[in-house]
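[1] predicted coordinates and the sequence they were generated for:
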Amino acid sequence: MTPDQFDPSDPQRPEPPSGAGEPWAEQTQAGSPVPPPVDQTLQFSAPGPVGGDAGHPSPYGEPSAQQQPYGEPSAQQQPYGEPPAQSSGLRGRLAGLTGFQRGLLVGVGFAVVVGLVAWMVGSGGGTTPTAGSAPSANPSFGFPNPGQVGTPSPSSTKKKKGKTGASSNPIPAYTPGAGQPALAAAASLPGVTSANPAVTCPAATVQVGSAAELQQALTGATAGTVIQLADGTYSGNFSASAVGTAAQPVFLCGSANAVLDAGSRSTSGGYVLHLANAAYWRLVGFTVQDGQKGVVLDHTDYSVLQGLTVQHLGDEAIHLREFSDDNLVLNNTVRDTGSLNPKFGEGIYLGTAQSNWCTYTACQQDHSDNNVVRGNTVSATTAESVDIKEGTTGGALIGNSFDGASFSTKGASGWVNAKGNSYLIKGNTGRSSYQDGFQTHQILQGWGQDNVFEGNTAVVDGTGFGFHFTPVDGNVWTCDNAVQGAAAGKSNIPCSATP
């Protein structure tokens with residue numbers, strides 16, 4: 001999407017409900033207010049509540065005039081004869097009060113003080129947490145799980161399952177001149193460090209040939225289940241929530257001629273394939289098409305999407321959100337998105353827009369962290385090839401191919417839009433973008449920083465930069481990146497010899 005569409009004060013993109021295949025009427029949710037400036041020292045921490053919008057008023061907001069319970073009584077409300085003559089100043093007003101009014105005022109004042117003390121004790125000092133990873137302006141305020149990657153924020157409505165433990169690799173704060181946190185994060189991800197992270201489907205335990213058989217197999221899957229799709233078309237919307245293990249993942253395998261088809265790119269098409277509250281899945285080889293969205297992972301960890309063809313969608317093709325961590329999106333072909341709304345036609349989408357946190361993650365940042373996007377071919381998308389949302393940390397984009405020839409001016413102005421923190425973006429090739437190649441943006445203070453762009457090739461053929469950083473904030477592009485056809489130049493900042 002273009003930068004002017006990321007102002008949190010403007011209406012943001014709507015999202016359908018998480019249930020696959022349910023009809024959905026488009027809605028627009030007002031964005032949350034931008035938090036006040038805070039200390040710029042970066043910490044990667046789980047957040048407190050985000051300030052409210054019209055549907056979710058901030059718990060720290062001032063009451064309106066109509067709600068004010070402690071206003072002065074009017075003359076018409078005076079129950080004891082004529083109101084006394086008014087003296088100037090506060091002392092005169094107090095002198096004019098009756099004994100009953102003075103007692104009432106003292107009682108109200110005492111109740112307010114007691115309430116404020118109780119509120120401050122229960123809220124950790126009364127400081128509104130900032131909706132970002134930067135620390136609170138109050139130095140004594142601490143978020144839970146500081147610096148820990150892979151630990152989901154709590155949700156008041158949904159409980160994450162299938163995760164056996166948090167990552168043991170904290171992301172350090174960025175210090176100019178010191179090691180880059182993106183490199184430290186990438187060094188712990190098997191999807192980055194393995195020479196060949198591809199998986200192989202074992203012998204089938206269940207073979208299916210119809211839509212009814214497929215959904216029955218998905219519903220009944222357990223650790224170690226291997227579902228083999230026969231070639232053919234499987235019409236409908238499909239969902240699963242089984243939890244596998246590292247030793248016994250759940251497999252869904254088929255050739256490109258096994259096609260899951262929802263039948264409509266409108267909102268009625270829903271999600272073609274939806275994993276929710278799942279873990280250790282392997283989706284391998286088949287085709288997903290003709291829905292509003294293609295493959296959606298909610299609360300899903302340690303899963304692999306490999307060799308899929310995901311195409312012909314109304315909105316985005318592949319979406320990892322709602323605290324979906326440590327997943328690998330590998331060697332997929334993604335194309336032809338955004339026919340319903342060009343603004344929402346991303347190829348691969350990591351996280352959730354801040355305007356939708358109160359819808360999907362109980363007003364917490366969507367820490368869909370440590371996800372690796374590797375070796376994918378993304379083309380004919382109306383919005384970004386890969387959109388990295390604010391709130392996400394420590395992932396990697398490695399060796400992908402992007403073609404922006406179909407970008408809508410309402411949908412994207414670059415192949416990669418990094419609004420998260422500490423991503424390694426390495427060895428990718430992009431072609432044909434009407435404006436920029438690779439970008440960073442800051443939607444919330446403390447986000448869109450400390451990302452490393454290394455060894456990429458940007459054949460832009462557009463009016464902008466090969467690498468455009470807004471803001472800079474610790475983002476680095478190394479001098480081994482190649483840029484061609486960028487009218488504004490290679491970048492708006494100098495390159496670095498090393499990360």
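    That came in fine, so what should we check first? Keep in mind the model is a prediction, meaning the values are calculated, not measured. Numbers count the residues shown, from 1 in each chain.

[2] residue 470: how many residues sit nearby?
    Residue 470 has 14 neighbours, counted by other C-beta atoms under 10 Å. Glycine gets a C-beta too; all of them are placed from N, C-alpha and C.

[3] skipping its backbone neighbours, what lies nearest it in space?
    Using C-beta to C-beta, 6 or more residues apart in numbering and skipping residues adjacent in sequence, the residue nearest residue 470 is residue 441, 5.8 Å away.

[4] from residue 274, how far out is that neighbour?
    Using C-beta to C-beta, to the nearest Å, residue 441 is found at 28 Å from residue 274.

[5] who has more neighbours out of those two?
    Remark: of residue 441 and residue 274, residue 274 carries more neighbours, 26 against 21, as counted by other C-beta under 10 Å.

[6] ok, the helix or strand containing the more buried one: who's next to it in the sheet?
    In this structure, residue 274 sits in strand 271-276 according to DSSP states H and E. With DSSP bridges as the test, strand 271-276 is paired with strand 238-240 (parallel), strand 293-298 (parallel).

[7] now the element after the shortest one, going C-ward?
    Proceeding N to C from strand 238-240, the next assigned helix or strand is strand 250-253, under DSSP H and E.

[8] export that following strand as CSV, just CAs?
    Taking Å, rounded to 0.1, in the frame of the first residue of the first chain, the C-alpha atoms of strand 250-253 are listed here in CSV:
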residue,chain,number,x,y,z
VAL,A,250,0.3,-33.3,10.1
PHE,A,251,0.7,-33.5,6.3
LEU,A,252,-1.7,-32.4,3.5
CYS,A,253,-0.1,-33.2,0.2
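
[9] quick one: list the elements packing against whatever helix or strand comes next after that strand.
    Scanning forward in sequence from strand 250-253 by DSSP H and E, the next helix or strand is strand 258-261. Judged by 3 or more C-beta pairs under 8 Å, 6 or more residues apart in numbering; DSSP states H and E, strand 258-261 is in contact with strand 232-235, strand 271-276, strand 287-289.

[10] and those, which is most packed in?
    Highest mean neighbour count among the helices and strands packed on strand 258-261 (mean count of other C-beta atoms under 10 Å): strand 271-276, with a mean of 27.

[11] that one - what's its average pLDDT?
    Mean pLDDT, strand 271-276: 98.

[12] following it, which helix or strand comes up?
    Next element after strand 271-276 (DSSP H and E): strand 281-284.

[13] helices and strands around that next one, which ones?
    strand 250-253, strand 304-306.

[14] in CSV: these, plus mean pLDDT.
    Converted to CSV, those look like this (pLDDT from 0 to 100):
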stretch, mean pLDDT
strand 250-253, 98
strand 304-306, 98
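
[15] strand partners of the strand or helix carrying residue 228, parallel vs antiparallel please.
    Per DSSP H and E: residue 228 is located in strand 226-229. Each strand paired with strand 226-229, and its direction, by DSSP bridges: strand 206-208 (parallel), strand 250-253 (parallel).

[16] buried set for the first one?
    Translated: strand 206-208. Residues of strand 206-208 classed as buried: 206, 208 (neighbour count, 16 or more other C-beta atoms under 10 Å).

[17] show residues contacting that strand.
    By C-beta atoms under 8 Å, 6 or more residues apart in numbering, the surrounding residues in contact with strand 206-208 are 214, 216-217, 225-230.

[18] repeat that for 10 Å
    213-218, 220-221, 225-230, 232, 234, 251-252, 254, 258 (C-beta atoms under 10 Å, 6 or more residues apart in numbering).

[19] now tabulate the strands paired with strand 226-229 in TSV and tack on distance to residue 470.
    Below are the strands paired with strand 226-229 laid out as TSV (distance: least, C-beta to C-beta, whole Å):
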stretch	distance to residue 470
strand 206-208	48
strand 250-253	40
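
[20] re the thing from before, please, a ChimeraX command that selects the buried ones among the contacts of strand 206-208?
    This is the ChimeraX syntax for the buried subset of the contacts of strand 206-208, where burial follows 16+ other C-beta under 10 Å:
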select :213,214,215,217,218,221,225,226,227,228,229,234,251,252,254,258
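
[21] please enumerate the helices of the stretch 301-450 of the chain.
    357-360 (DSSP state H, counting those that start in this stretch).

[22] now do the end-to-end distance for stretch 430-443.
    24 Å (C-alpha to C-alpha, to the nearest Å).

[23] buried residues in that stretch, which are they?
    By 16+ other C-beta under 10 Å, the buried positions in stretch 430-443 come out as 430-443.

[24] just those residues: which are in strands?
    430-431, 438-441 (DSSP state E).

[25] now stretch 343-363: mean pLDDT?
    On average, stretch 343-363 scores 96.

[26] repeat that for stretch 413-422.
    Stretch 413-422 comes out at a mean pLDDT of 97.

[27] next, the distance between the ends of it.
    End-to-end distance of stretch 413-422 (C-alpha to C-alpha): 21 Å.

[28] again, but for stretch 306-315
    End-to-end distance of stretch 306-315 (C-alpha to C-alpha): 21 Å.

[29] can you check stretch 226-240 too?
    Terminal residues of stretch 226-240 lie 13 Å apart, using C-alpha to C-alpha.
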